[in-house]
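Q: Turn this into a structure:
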Amino acid sequence: MCTVVIDVEDAGSARLLAVRDEDPDRAWDGLGPWWPEQYPGVLGIRDRRAGGAWLAVDPEKRRLAVLLNRADLGDLPDSRAQTRGSLTLESVSGRSPDGPVPMHGFNLLEVGPEGARVLSWDGDALRETPIPRGVHMIAHDDLDDPATPRIEAWLDRFRALRGTDAEGDWASEWVGLLGETAVLPPEDDRAIIRDNRPHGYPTQSLLYATASVSPSGVEVHDRALPSPARWGV
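A: Predicted coordinates:
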């Protein structure tokens with residue numbers, strides 16, 4: 001039940017704040033070049049168990065991708081499901097899914113020279129949603145979905161920051177607002193820093209990343225939370 005806030009400026013230019021929710025017992029590695037042979041030049045936040053990435057970037061190609069899970073409409077058994085962690089690595093290498101895939105549901109957010117979009121797979125159909133200019137949010141449902149309580153609660157606040165942040169300091173403004181959202185209990189449906197266990201999932205917010213993609217390059221920073229589902233410096 002991850003969350004991404006993205007500001008699309010022009011084709012090929014965007015900045016985002018992404019919060020990762022995962023089982024704290026599932027080991028991971030921070031941003032690094034973990035796939036030098038298969039994906040040379042690609043950096044990502046690696047899931048050690050499956051070997052894939054939650055977030056990946058190819059600075060040379062100016063591509064970024066983030067993976068968010070979503071509910072299945074299909075009945076694909078776990079034993080036949082391929083790992084979704086390959087999606088971001090393939091995406092930044094120029095190979096996005098283009099049809100039915102033997103995976104559980106996902107939202108794949110992509111940023112590249114041609115623009116930004118979300119590819120959504122629910123086990124039945126793969127849909128593409130272009131992301132227009134402006135500030136948007138996505139979690140486990142659709143882009144800017146008002147039925148997602150955290151989007152309903154915070155999207156307008158993030159939109160209000162557009163144009164008010166100092167040049168080069170947008171990340172501080174966004175992270176500051178992320179800290180504000182953490183006044184909510186992590187079990188609250190409106191929370192972005194989350195504890196999903198009361199909702200039937202073993203996942204908690206573990207880290208956040210800020211990233212910018214533009215014709216001049218890609219910049220990414222990641223930071224682990226001090227403990228699962230807890231905000232702090």
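Q: Give me the buried positions along stretch 39-55.
A: 39, 42-47, 52-55 (16 or more other Cβ atoms under 10 Å). Backbone N, C-alpha and C define where each C-beta goes, glycine included.
Q: That stretch: how far from the chain's middle?
A: Put simply, stretch 39-55 sits 13 Å off its chain's centre (Cα atoms, centre = their mean, to the nearest Å).
Q: From start to finish, how long is it in a straight line?
A: End-to-end distance for stretch 39-55, by Cα to Cα, to the nearest Å: 14 Å.
Q: Let me see the mean pLDDT of that stretch.
A: Stretch 39-55 carries an average pLDDT of 97.
Q: For it, give me every contacting residue.
A: 2, 18, 20, 22, 26-35, 56-60, 64-67, 83-89, 92-93, 207, 209, 211, 220, 222 (Cβ atoms under 8 Å, 6 or more residues apart in numbering).
Q: 6 Å instead?
A: 20, 26-29, 31, 33-35, 56-58, 60, 66-67, 83, 85-86, 88-89, 92, 209 (Cβ atoms under 6 Å, 6 or more residues apart in numbering).
Q: Bridged to the residue nearest the centre of the chain, which residues?
A: Among the residues of the chain, the one closest to the centroid is V66, at 4.0 Å (Cα atoms, centre = their mean). V66 has these beta-bridge partners by DSSP bridges: L55, L109.
Q: Surely it touches A18?
A: Yes: distance between V66 and A18: 5.1 Å, which falls inside the contact criterion (Cβ atoms under 6 Å).
Q: contacting residues for R62?
A: Taking Cβ under 6 Å, 6+ apart, one finds 113, 213, 218 in contact with R62.
Q: what does R84 give?
A: Contacts of R84 by Cβ under 6 Å, 6+ apart are 67, 103, 106.
Q: can you pull the buried residues of stretch 119-133?
A: For stretch 119-133, by 16+ other Cβ under 10 Å, it's 119-123, 126, 129, 131.
Q: and these as TSV, adding distance to D7, secondary structure and pLDDT?
A: Converted to TSV, the buried residues of stretch 119-133 look like this (distance: Cβ to Cβ, whole Å; DSSP: H, G, I helix; E, B strand; the rest coil; pLDDT from 0 to 100):
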residue	distance to D7	secondary structure	pLDDT
L119	20	strand	98
S120	20	strand	96
W121	25	strand	94
D122	26	coil	89
G123	30	coil	86
L126	25	strand	95
T129	16	strand	98
I131	10	coil	97
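Q: could you dump the residues you listed to JSON lines with distance to V8?
A: Written out in JSON lines, the entries for those read as follows (distance: Cβ to Cβ, whole Å):
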{"residue": "L119", "distance to V8": "16"}
{"residue": "S120", "distance to V8": "17"}
{"residue": "W121", "distance to V8": "22"}
{"residue": "D122", "distance to V8": "24"}
{"residue": "G123", "distance to V8": "28"}
{"residue": "L126", "distance to V8": "21"}
{"residue": "T129", "distance to V8": "12"}
{"residue": "I131", "distance to V8": "5"}
